[in-house]
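Visitor: predicted model follows, preceded by the sequence.
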Amino acid sequence: MAVFGLGTTVGNLVCGWAADRATMLAAGVSLGFTALVLALYPSATDNLWLLIPLVFFIGCGVGLAAILQTRLMDVAPHAQSLAGALVQSAFNVANAIGPLVGGVVIAAGYGLPATGYAAAALTLGGLGMWYWALMDARQADRRFARQASGSV
């Protein structure tokens, strides 16, 4: 728990710093890194010396919350309270889906380590949603640039 807690502290500091500089890039890197770490987790469960740094890095993944909160504040300047409530709701949904999927993996007989693969797959789903949001933001920027230049 202490190693995970240290990871969450470092993750929040690093991800908060990164979100201030390049929010969408920071979100993509955080999701990709977290998916990689979660995919490595099952192979490290038999070795404490490999597991300790992985638990730290899994904790670092919590820093994604700071990035997402920053992004929502940027895209909803006139409804920040609503955006804050929605991000909490989304995390609560994720906090229900993750254990459900993990429970299905365990009940199917794959064992506790296999939950890392399930978590990595869910994180890759999040990475897919991030990519969709990135493409949507770029398309909106192009529309705005065309409108600003007068060539609609």
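Guide: Received, thanks. The structure presented is a predicted model; accordingly, all values stated were derived computationally and were not measured.
Visitor: tell me the buried residues in the lengthiest helix in the chain?
Guide: Counting residues, the longest helix found in the chain (DSSP state H) is helix 115-149. Using 16 or more other C-beta atoms under 10 Å as the test for burial, helix 115-149 gives 115, 116, 118, 119, 120, 122, 123, 124, 126, 127, 130. (C-beta placed from N, C-alpha, C; glycine too.)
Visitor: and which of these is nearest residue 44?
Guide: residue 116 (8.5 Å; C-beta to C-beta).
Visitor: what's near enough to touch that closest one?
Guide: 38, 39, 40, 41, 42, 45 (C-beta atoms under 8 Å, 6 or more residues apart in numbering).
Visitor: can you check residue 41 too?
Guide: Counting by C-beta under 8 Å, 6+ apart, residue 41 has contacts 51, 54, 58, 113, 115, 116, 119, 120.
Visitor: what do you get if the cut-off is 10 Å, keeping everything else the same?
Guide: Counting by C-beta atoms under 10 Å, 6 or more residues apart in numbering, residue 41 touches 50-51, 54-55, 57-58, 113-117, 119-120.
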